[in-house]
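Q: the following block contains a protein sequence and its predicted model.
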Amino acid sequence: MGVSDRWWISRAVICLLIIPRINGWGKDGHYVICKIAENYLTEDALAAVKALLPDHAEGDLADVCSWPDEVRRNPHYRWSSPLHYVDTPDFRCNYQYSRDCHDSAGRKHRCVTGAIYNYTAQIMPVPHKSHLSVVKYNLTEALMFLSHFIGDVHQPLHVGFTGDEGGNTIVVRWYRRKTNLHHVWDNMIIESALKTFYNSDLTTMIQSIQRNITEAFVELSTQKNCKGAVCPNPYASESVNLACKFAYRNATPGTTLGDDYFLSRLPVVEDRLAQAGVRLAALLNSIFSVHKSIAEE
Ligand SMILES: [Zn+2]
């Protein structure tokens, strides 16, 4: 193998290790979140969601919850790339909207929490002028972005440190496989759980997570201490907290992560998927009950 071959291979490996920043939770994670959400939608919200979904979704929100990840490398949607996460100052373990919500060029509100505010506002009708918001925005895309970003803000390393790009530059081994810490949290924990506990069947995993969602869990998760329809900031604060307590802990560069890490972090991942699901449902229920009351006026 020539020097240039080796150079290309090493570049390709570096790209493979870095590319996962492109994803949120992996496809499975977003699917789980939206499937859980569907179970908690009111009849009105479910009808409104179905009416907005693209035809190819065949009435299933979960089917299009990864759409923003699929398009973010497309030149038409490259602007949406910084909206999947928010980076916080290294090792502070806290998040502040005014300090942290910007893209790498410093443009304010261009981060995952800013995007959640933005898309909620797009879907939320202005009283007596709801036809204007329909004209101004693509509500189908707004719904798909919103459902996806509520998922992303619950992935602890989507609210990680700036210096390591939310764990993307922390190269680790997941059992024998070389990967990075961000990818472990997007995909590998879920993938290993599927194989180890759920017979490689996502539906079984979803059912198991759902069995653990009690009324008290829903109530606690959807409690609001914010003004307005949506409050993504506490979700981001929870995420960076979990990033410090669980994701970054014992996962320095070069570490091999195995059973200890997997078994202690899986409950955190399943908890976040469940929270994201019930919170997404609560948000869509509140958006579409507003729609209904305006329509009835
Ligand atoms: Zn994403």
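A: Looks like it arrived, so ask away. Residues are numbered from 1 along each chain as shown.

Q: how about the strands in the chain?
A: All strands of the chain, identified by DSSP state E, fall at 171-174, 177-180, 256-257.

Q: tell me which residues in the second one are buried?
A: Neighbour counts using 16 or more other CB atoms under 10 Å place 179-180 of strand 177-180 among the buried residues. Just so you know, the C-beta spots here come from the backbone N, C-alpha and C atoms, and that holds for glycine as well.

Q: contact partners for Tyr119?
A: For Tyr119, the contacting residues are 142-143, 145-146, 149, taking CB atoms under 8 Å, 6 or more residues apart in numbering as the criterion.

Q: low-confidence ranges, the stretch 151-297 of the chain, go.
A: Low-confidence regions of the stretch 151-297 of the chain, defined by pLDDT under 70, span residues 290-297.

Q: could you rerun that using 90?
A: Under the criterion of pLDDT under 90, the regions of the stretch 151-297 of the chain flagged as low confidence span 223-229, 289-297.

Q: buried sites along stretch 258-273?
A: 261-262, 265-266, 268-273.

Q: does the ion have contacts with stretch 180-193?
A: No: in this structure, stretch 180-193 remains apart from the ion according to CB under 5 Å from the ion; the gap is never smaller than 8.6 Å.

Q: same question, stretch 266-279
A: No: applying CB under 5 Å from the ion, one finds that stretch 266-279 is not in contact with the ion, the shortest distance being 11.8 Å.

Q: now that stretch - C-alpha only, CSV.
A: As requested, the backbone C-alpha atoms of stretch 266-279 are provided in CSV (Å, rounded to 0.1, in the frame of the first residue of the first chain):
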residue,chain,number,x,y,z
LEU,A,266,-28.9,2.3,29.0
PRO,A,267,-31.5,3.3,31.7
VAL,A,268,-30.5,6.9,31.1
VAL,A,269,-31.0,6.5,27.3
GLU,A,270,-34.3,4.8,27.7
ASP,A,271,-35.5,7.5,30.1
ARG,A,272,-34.6,10.3,27.7
LEU,A,273,-36.3,8.5,24.8
ALA,A,274,-39.5,8.2,27.0
GLN,A,275,-39.3,11.8,28.2
ALA,A,276,-38.8,13.1,24.7
GLY,A,277,-41.8,11.1,23.5
VAL,A,278,-44.3,12.3,26.1
ARG,A,279,-43.1,15.9,25.9
